[in-house]
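Asks: Build the 3D model from these lines:
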Amino acid sequence: MTTRTANAALLGLALALAATAAGAQTRKVDETRPVAPTASVAISNLAGTLEIAGWDRDEVRLEGVLDAKVDKLEIEGDRQALSIEVKYKRNLKGSAGATRLTLHVPRRCALDAEGVSCDVAADGLQGSVTVSTVSGELTLRGEPASASLATVSGGVDAEVATARLGIDTVSGDVRARGKLGDLEVATVSGDVRVETGALRDFEFNAVSGQLLLTADPADDSSWKIDTHSGAAVLRLPAKIDATFDISTFSGDIEDGYGHKAERTSKHAPGRELRFTEGKGGARIEISAFSGDVKIVKR
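Replies: Predicted structure coming up:
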């Protein structure tokens, strides 16, 4: 046997062993269940990735691969309510991120997905959507009737048209854009960026997270922004019908419409600014402790 032939044989053996080892680390899954078009579908997975897609079939299909550390896949329920749980071995050690799943569900179903270090991406859903994870990244697209997204350290990226969107993070950054009706965001230190058109009701709470909001307040809208040390920047239309009530303890207030903030006391650093633009239909309340507030007329 020549040296070249021997090397080729060794390479082929190495590739075969690598493929065998990879196969031993995962196992395929392909399960289908019939459900009603508006069924409640819940899925729980600890780690890896989970992609969720709405389709026009009255069935749920789960396909992909499971990490070798998965003990079993449990699917329970009926046509009205289906529960899927990826159960891992009790004494789980190390990473179990080899799980890669794709879940197809009826578009109008009510979806509830949860994970720990699992990245979750959902698209094409028209019912209510609830997704929560700890360190995983959350991505949502489409036109859900409503959506609630929660994570601890993972980021949230939502580009949707929805009547209501709620987002809750600790340190994860947030980007929300699209056609938003009511929006509620709560964070500790995550930075939040919102880009939308007419925004009816908006509630924002943060400790040190910063807010960059580009939106148009609806005529009867109510915005309440509360931050401790994070800055809040609002990019608003040049012509607006809104009443503003802004206060800070030690932060600065800058108003692009030309109004000047006043000291609340001769003996304290607090500042406040109250004014009305146009008919004053919308109400915008901003409260900050040491964070700066800036209103930009775009």
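Asks: Run through the strands of the stretch 51-200 of the chain in chain order.
Replies: 59-67, 70-77, 81-88, 100-106, 110-125, 128-132, 138-142, 146-150, 156-168, 174-187, 192-206 (DSSP state E, counting those that start in this stretch).
Asks: would you list those in JSON lines and tack on mean neighbour count?
Replies: The C-beta positions use only the backbone N, C-alpha and C, and glycine is treated the same way. Below are the strands of the stretch 51-200 of the chain laid out as JSON lines (neighbours: other Cβ atoms under 10 Å):
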{"stretch": "strand 59-67", "mean neighbour count": "19"}
{"stretch": "strand 70-77", "mean neighbour count": "14"}
{"stretch": "strand 81-88", "mean neighbour count": "18"}
{"stretch": "strand 100-106", "mean neighbour count": "20"}
{"stretch": "strand 110-125", "mean neighbour count": "21"}
{"stretch": "strand 128-132", "mean neighbour count": "21"}
{"stretch": "strand 138-142", "mean neighbour count": "21"}
{"stretch": "strand 146-150", "mean neighbour count": "21"}
{"stretch": "strand 156-168", "mean neighbour count": "20"}
{"stretch": "strand 174-187", "mean neighbour count": "20"}
{"stretch": "strand 192-206", "mean neighbour count": "19"}
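Asks: Can I get the ones you listed in JSON lines including mean pLDDT?
Replies: JSON lines is the format used below for the strands of the stretch 51-200 of the chain (pLDDT from 0 to 100):
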{"stretch": "strand 59-67", "mean pLDDT": "97"}
{"stretch": "strand 70-77", "mean pLDDT": "96"}
{"stretch": "strand 81-88", "mean pLDDT": "96"}
{"stretch": "strand 100-106", "mean pLDDT": "98"}
{"stretch": "strand 110-125", "mean pLDDT": "97"}
{"stretch": "strand 128-132", "mean pLDDT": "98"}
{"stretch": "strand 138-142", "mean pLDDT": "98"}
{"stretch": "strand 146-150", "mean pLDDT": "98"}
{"stretch": "strand 156-168", "mean pLDDT": "98"}
{"stretch": "strand 174-187", "mean pLDDT": "97"}
{"stretch": "strand 192-206", "mean pLDDT": "97"}
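Asks: Including distance to residue 36, could those strands go into JSON lines?
Replies: Listed next are these as JSON lines, based on distance: least, Cβ to Cβ, whole Å:
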{"stretch": "strand 59-67", "distance to residue 36": "10"}
{"stretch": "strand 70-77", "distance to residue 36": "11"}
{"stretch": "strand 81-88", "distance to residue 36": "9"}
{"stretch": "strand 100-106", "distance to residue 36": "8"}
{"stretch": "strand 110-125", "distance to residue 36": "11"}
{"stretch": "strand 128-132", "distance to residue 36": "15"}
{"stretch": "strand 138-142", "distance to residue 36": "20"}
{"stretch": "strand 146-150", "distance to residue 36": "19"}
{"stretch": "strand 156-168", "distance to residue 36": "22"}
{"stretch": "strand 174-187", "distance to residue 36": "27"}
{"stretch": "strand 192-206", "distance to residue 36": "31"}
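Asks: Can you check which of the ones you listed gets nearest to residue 297?
Replies: Among those, the nearest to residue 297 by Cβ to Cβ is strand 192-206 (16.7 Å).
Asks: which residues are in contact with that closest one?
Replies: Identification of contacts with strand 192-206 by Cβ atoms under 8 Å, 6 or more residues apart in numbering yields 173-190, 209-218, 220-228, 230, 232.
Asks: Centre of the chain to it, how far?
Replies: Computed by Cα atoms, centre = their mean, to the nearest Å, the chain-centroid distance of strand 192-206 equals 14 Å.
Asks: for stretch 27-39, same thing?
Replies: Mean-position distance between stretch 27-39 and its chain equals 25 Å (Cα atoms, centre = their mean).
Asks: and if you look at stretch 218-226?
Replies: The answer for stretch 218-226 is 22 Å, by Cα atoms, centre = their mean.
Asks: cool, stretch 125-138 as well?
Replies: 6 Å.
Asks: again, but for stretch 291-298
Replies: 25 Å.
Asks: List the buried residues for it?
Replies: Neighbour-count burial for stretch 291-298 flags 291, 292, 293, 294, 295 (criterion: 16 or more other Cβ atoms under 10 Å).
Asks: separation between the second one and residue 259?
Replies: Using Cβ to Cβ, to the nearest Å, residue 292 is found at 16 Å from residue 259.
Asks: now do the third one
Replies: Separation of residue 293 from residue 259 (Cβ to Cβ): 12 Å.
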